[in-house]
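In: The following comprises the amino acid sequence and a computationally predicted model.
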Amino acid sequence: MFVASAPLTEVLAQSDEEEQTNLIQPQIERTEFDESLIDSDDFEIAFYAGYLALEDFQTNLVYGVKLGYHVTEDFFVQGSYGISDAGESSFERLSGGAPLLSDDEREAEYYLISLGFNLFPGEAFATDSTTFNTVFYLSAGVGSTTFAGDDRFTIAYAVGHRTLFADGFSLDIEMRDLIFEQDIFGEEESTNNLEFTVSLNLFF
């Protein structure tokens, strides 16, 4: 007695077709949005302003310019120039005596060269259809600060947040510590001078 049967390949093909027919095909709608990217050019120039707290000389307005070069997507080098005027020291305010520094000596001027690293890239959604690229970055550098009539070797550390609003245009918020030695009060000591700035960056 013979039993007729369909070929095994036909049975497997029919089984696959039944499984595919029974599967639910989800309808996924992808949201389209405009994304701001860094321009293809690697150079940038930034104009910044904010406040510099010179240790024991109050907090005053600071402004300056930065010139940067993006070596890779993660690393960049940057040169900075900033200028500010120191206020009165606590000694001057409390003693009421003659000022410790002349007007020219109160001017603080610094030059820095820094290496930066883009640590946490991300996105910020302004609307359902518009998003901006963002990045949290760190930088460290060395340079010179002219203050109280002397040039002082300076080490700088910074942390910042960048928002790219359009190709070739960004806004940075940055906190930086300028560390240098000073001996205005008769004893040389290391000072931490905190700076908070907002900068407008243009890529070219």
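Out: Sure, I can see it. Numbering: from 1, shown residues only.
In: Any idea what residue 147 is bridged to?
Out: residue 150 (DSSP bridges).
In: what about it, neighbour count?
Out: Applying other Cβ atoms under 10 Å, we find 25 residues neighbouring residue 147. (Each C-beta comes from the backbone N, C-alpha and C, glycine too.)
In: From residue 121, how far off is the most centrally placed residue in the chain?
Out: The C-alpha lying nearest the average C-alpha coordinate of the chain belongs to residue 160 (Cα atoms, centre = their mean; 3.3 Å). Noted for residue 160: a distance of 13 Å to residue 121, by Cβ to Cβ, to the nearest Å.
In: just to revisit the earlier point, need the contact list for the residue nearest to the centre of the chain.
Out: Contacts were defined as Cβ atoms under 8 Å, 6 or more residues apart in numbering; by that measure residue 160 touches 136, 137, 138, 139, 172, 173, 174, 175.
In: I figured residue 57 was touching residue 85, is that so?
Out: No - using Cβ atoms under 8 Å, residue 57 is not in contact with residue 85; the gap is 9.3 Å.
In: okay, these two: which has more neighbours?
Out: residue 57 (26 against 16).
In: For burial, what's the neighbour tally of the nearest residue to that one once chain neighbours are set aside?
Out: Nearest-residue entry for residue 57: residue 86, 3.9 Å, with adjacent residues in sequence omitted and distances by Cβ to Cβ, 6 or more residues apart in numbering. Residues lying near residue 86 (other Cβ under 10 Å) number 23.
In: Residue 59 too?
Out: Residues near residue 59, counting by other Cβ under 10 Å: 16.
In: tell me the contacts of the nearest residue to it once chain neighbours are set aside?
Out: Nearest non-adjacent residue to residue 59, counting by Cβ to Cβ, 6+ apart: residue 53, 4.2 Å away. By Cβ under 8 Å, 6+ apart, residue 53 lies in contact with 59, 193, 194, 195.
In: Looking at those, state which has the most neighbours.
Out: residue 193 (26 neighbours).
In: what about that one, is that helix, strand or coil?
Out: strand (DSSP: H, G, I helix; E, B strand; the rest coil).
In: that older thread, would you mind listing the buried residues in the helix or strand harbouring the residue nearest to the centre of the chain?
Out: Element membership of residue 160 [criterion: DSSP states H and E] is strand 150-166. By 16 or more other Cβ atoms under 10 Å, the buried positions in strand 150-166 come out as 152, 154, 156, 158, 160, 161, 162, 163, 164.
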